[in-house]
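[1] pasting a predicted model and its sequence here:
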Amino acid sequence: MTLLTVDPTNPDDAALGRATEVLRHGGLVAFPTETVYGLGAHALDTAAVERIYEAKGRPAWNPLIVHVANAGAARALTASWPREAELLAVHFWPGPLTLVLPRDPAVPDIVTAGLDSVGVRVPSHPVALALLRACGLPLAAPSANRSNELSPTTAQHVVKSLGSAVELVLDGGATSVGIESTVLDLRDPAHPVVLRPGAVSAADIAELLGVPVLRAGGAEGDVARPSPGMTERHYSPRAALRLVDDDGIATLVRRDAGVRNEALLVMQSTISQGLMGAFGRVETMPDSPEGYARVLYARLHALDDAGVTDIYVQQLPDGAAWDGVRDRLARATRHD
């Protein structure tokens, strides 16, 4: 595994050339997107995509999102491109929105979990865009970590999780969005459905399209699903993570004092001195959904690295803007 630092303001041609060579020969390259780091392979090369599944330990029923350099490249991977897709692409791309549409036959079954749909998006991170333009390939790129574990928001997270399973890691610094893209099912354009919430909200999409946007339920069992991130448990730290309301936090604070190998994530606006002695670590989280999402995985990675065994997370405020973060925490929660 080779780690190359790339300046996002001026991606290095030599590093992009090295990455292009690896990808064109069926190898794996981890690279930053604005959401999380992706584990990229040539999306139309079945053998290369198989290596993604092997490296991650990912089940075959979990499809991959294909990253492309522009909307034209996305259209080429689909069997239909409705007016709604064009509107969304113009408004939200490059950016953290994935569109699920009927796939072109050129897209291999392994990418789509055998379904007749494919998820496509144009990332906004300058290193990701530079790589896509340099290699000229559509890149299947799930998060660059072992399946069901915390997604990586730095190159160091990738190295820790995948190590020698990936040939090259492009280090473009910490990601800016911090959670995975919103996934929107447009197979029936008149009835769009959010399959996975993210930074682009259902309200944002509904306002643009002028139609209601539904929210899909979860999916369980070894059944193919149209989007990643739909299983009950996902995006999980090694520590047991539990959501607690303010009354629950007060109960935890009233316990007998002692050294505890646990942590509390609490909103900055509600932090109090009384919390400090009740937990081994107290992490203050930004009060905005954008700020919270940006640092969430990094904080959870750090707590895992510190050997914390239990993480309590203060329940989030109401509101659609928090849907993406709320979804990730719910899927990371220990169910016992």
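    Here it is on my side, so go on.

[2] residue boundaries of the helices in this protein?
    Using DSSP state H, the helices of the chain run over 13-24, 46-56, 71-75, 83-92, 109-112, 126-135, 155-162, 202-209, 246-253, 289-305, 323-332.

[3] show me what the shortest one is packed against.
    Looking back up the chat, that one is helix 109-112. Packing contacts for helix 109-112, counted by 3 or more C-beta pairs under 8 Å, 6 or more residues apart in numbering; DSSP states H and E, involve helix 46-56. Backbone N, C-alpha and C define where each C-beta goes, glycine included.

[4] ok, now the fourth one?
    Using 3+ C-beta pairs under 8 Å, 6+ apart as the contact criterion, the elements in contact with helix 83-92 are helix 71-75, strand 97-102, helix 202-209.

[5] if we use 7 Å, what do you get?
    Using 3 or more C-beta pairs under 7 Å, 6 or more residues apart in numbering; DSSP states H and E, the elements in contact with helix 83-92 are strand 97-102, helix 202-209.

[6] what does the longest one give?
    Counting contacts by 3+ C-beta pairs under 7 Å, 6+ apart, helix 289-305 is packed against strand 281-285, helix 323-332.

[7] one more time with 10 Å, if that's ok
    In terms of contacts (3 or more C-beta pairs under 10 Å, 6 or more residues apart in numbering; DSSP states H and E), helix 289-305 is packed against helix 155-162, strand 262-267, strand 281-285, strand 310-314, helix 323-332.

[8] ok so, going back, quick one: the helices and strands packed on helix 83-92 as a markdown table, columns for distance to R51, mean neighbour count and mean pLDDT too.
    Shown next, in a markdown table, are those (distance: least, C-beta to C-beta, whole Å; neighbours: other C-beta atoms under 10 Å; pLDDT from 0 to 100):
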| stretch | distance to R51 | mean neighbour count | mean pLDDT |
| --- | --- | --- | --- |
| strand 97-102 | 22 | 24 | 98 |
| helix 202-209 | 34 | 17 | 96 |
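
[9] let's have the ones you listed in CSV, adding distance to L150.
    Converted to CSV, the helices and strands packed on helix 83-92 look like this (distance: least, C-beta to C-beta, whole Å):
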stretch, distance to L150
strand 97-102, 20
helix 202-209, 25
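
[10] what lies in contact with the lowest-mean-pLDDT helix or strand in the chain?
    Least confident helix or strand of the chain, by mean pLDDT, DSSP states H and E, is helix 246-253 with a mean of 88. With contact meaning C-beta atoms under 10 Å, 6 or more residues apart in numbering, helix 246-253 is reached by 242, 244-245, 260, 262, 264, 266, 270, 272, 274-279, 312-315.

[11] can you check what angle separates it from strand 310-314?
    140 degrees (axes from the mean of the first three to the mean of the last three C-alpha atoms, to 10 degrees).

[12] for helix 246-253, buried residues please.
    I249, L252 (16 or more other C-beta atoms under 10 Å).

[13] just stretch 45-63 next, same as before
    For stretch 45-63, by 16+ other C-beta under 10 Å, it's D45, A48, V49, R51, I52, Y53, A55, K56, R58, N62, P63.

[14] over to stretch 36-46?
    Within stretch 36-46, the residues scored as buried using 16+ other C-beta under 10 Å are V36, Y37, G38, L39, G40, A41, H42, A43, L44, D45.

[15] same check on stretch 224-243?
    Result for stretch 224-243 [16+ other C-beta under 10 Å]: buried residues 224-231, 234-243.

[16] for stretch 163-181, same thing?
    By 16+ other C-beta under 10 Å, the buried positions in stretch 163-181 come out as 165-172, 174-181.

[17] quick one: end-to-end distance for it.
    Its first and final residues considered, stretch 163-181 spans 24 Å by C-alpha to C-alpha, to the nearest Å.

[18] repeat for stretch 135-145
    Note: stretch 135-145 ends 23 Å apart using C-alpha to C-alpha.

[19] also stretch 4-22?
    Per C-alpha to C-alpha, the first residue of stretch 4-22 is 13 Å away from its last.

[20] in it, what's buried?
    Residues of stretch 4-22 classed as buried: L4, V6, P11, A15, L16, R18, A19, T20, V22 (neighbour count, 16+ other C-beta under 10 Å).

[21] a markdown table for the helices and strands packed on helix 289-305, including mean neighbour count?
    Formatted as a markdown table, the helices and strands packed on helix 289-305 follow (neighbours: other C-beta atoms under 10 Å):
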| stretch | mean neighbour count |
| --- | --- |
| helix 155-162 | 22 |
| strand 262-267 | 22 |
| strand 281-285 | 18 |
| strand 310-314 | 21 |
| helix 323-332 | 22 |
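
[22] can those go into a markdown table with extra columns for mean pLDDT?
    Output for the helices and strands packed on helix 289-305, formatted as a markdown table (pLDDT from 0 to 100):
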| stretch | mean pLDDT |
| --- | --- |
| helix 155-162 | 97 |
| strand 262-267 | 92 |
| strand 281-285 | 92 |
| strand 310-314 | 95 |
| helix 323-332 | 94 |
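
[23] re the thing from before, pLDDT added to the buried residues of stretch 4-22, as TSV?
    Listed next are the buried residues of stretch 4-22 as TSV, based on pLDDT from 0 to 100:
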residue	pLDDT
L4	95
V6	96
P11	93
A15	96
L16	97
R18	97
A19	98
T20	98
V22	98
